[in-house]
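Novice: Predicted model and sequence below, questions to follow.
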Amino acid sequence: MTNSTHATLLAILQSDLAMDPGRVHIDSTLIGDLGFDSVAFAIGVVAIEERFDLRVSEEKLFACETIGDVVHLIDISRGLAHETFAPVGGEAGLATSSRP
C-alpha cells in the first residue's frame, strides 16, 4: 500500500463524500463502519477514476470490504502492487496488509 494512494483516497472521501477523514482507518469497513451505499460507491468510482486517471472495475470496488482493500485495488490498477488473493466476494486482486 502506498501512502500517496491512501492520502488521495482520504481526500476523495472528505471532498466528494463529506466524510471526516479522522474516522477513516485502513481497516474501516466501507458498509459497516463508514455507511457506504450504492450512491457512495458510484461517487467513489467516478472520483477515483478522475483523481488517479485510471479505470476501476465497479465489480472489484464492490468486492472491497475495507479502505485498505480500496487502496490496494487502486495500487494494483496503477501497477504499484500485485494481485494476491480472492476476498470473500470472489473477485481476485484485492488484499490489505491485515489479511492473510
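Specialist: Noted; the coordinates are in hand.
Novice: Tell me where this protein has helices.
Specialist: 3-17, 38-52, 58-63, 67-77 (DSSP state H).
Novice: Of those, which is nearest I26?
Specialist: Of all the helices of the chain, it is helix 67-77 that lies closest to I26, at 4.4 Å by Cβ to Cβ. C-betas here are computed from N, CA, C, even on glycine.
Novice: and among the helices of the chain, the most buried is which?
Specialist: Ranked by mean neighbour count, the helices of the chain are led by helix 67-77 with a mean of 23 (mean count of other Cβ atoms under 10 Å).
Novice: what's the angle from that one to helix 38-52?
Specialist: Put simply, helix 67-77 runs at 40 degrees to helix 38-52, going by axes from the mean of the first three to the mean of the last three Cα atoms, to 10 degrees.
Novice: For helix 67-77, give the mean pLDDT please.
Specialist: Helix 67-77 shows a mean pLDDT of 93.
Novice: and the residue nearest to the spatial centre of the chain, what is it in contact with?
Specialist: In the chain, the centroid-proximal residue (Cα atoms, centre = their mean) is V70; its distance is 1.8 Å. By Cβ atoms under 8 Å, 6 or more residues apart in numbering, the contact set of V70 is 9, 30, 44, 48, 61, 64.
Novice: again with T29
Specialist: 65-66.
Novice: Make 50 the first number, not 1, from now on.
Specialist: That works, and once the first residue is 50, the last one we named lands at T78.
Novice: Tell me the bridge partners for it.
Specialist: T115 (DSSP bridges).
Novice: Look up how far L129 lies from it.
Specialist: 23 Å (Cβ to Cβ, to the nearest Å).
Novice: Extract the residue ranges of the chain that are flagged as low pLDDT.
Specialist: 50, 133-149 (pLDDT under 70).
Novice: Out of the helices of the chain, flag the one nearest H74.
Specialist: helix 116-126 (6.9 Å).
Novice: How far does the closest one sit from its chain's centre?
Specialist: 5 Å (Cα atoms, centre = their mean, to the nearest Å).
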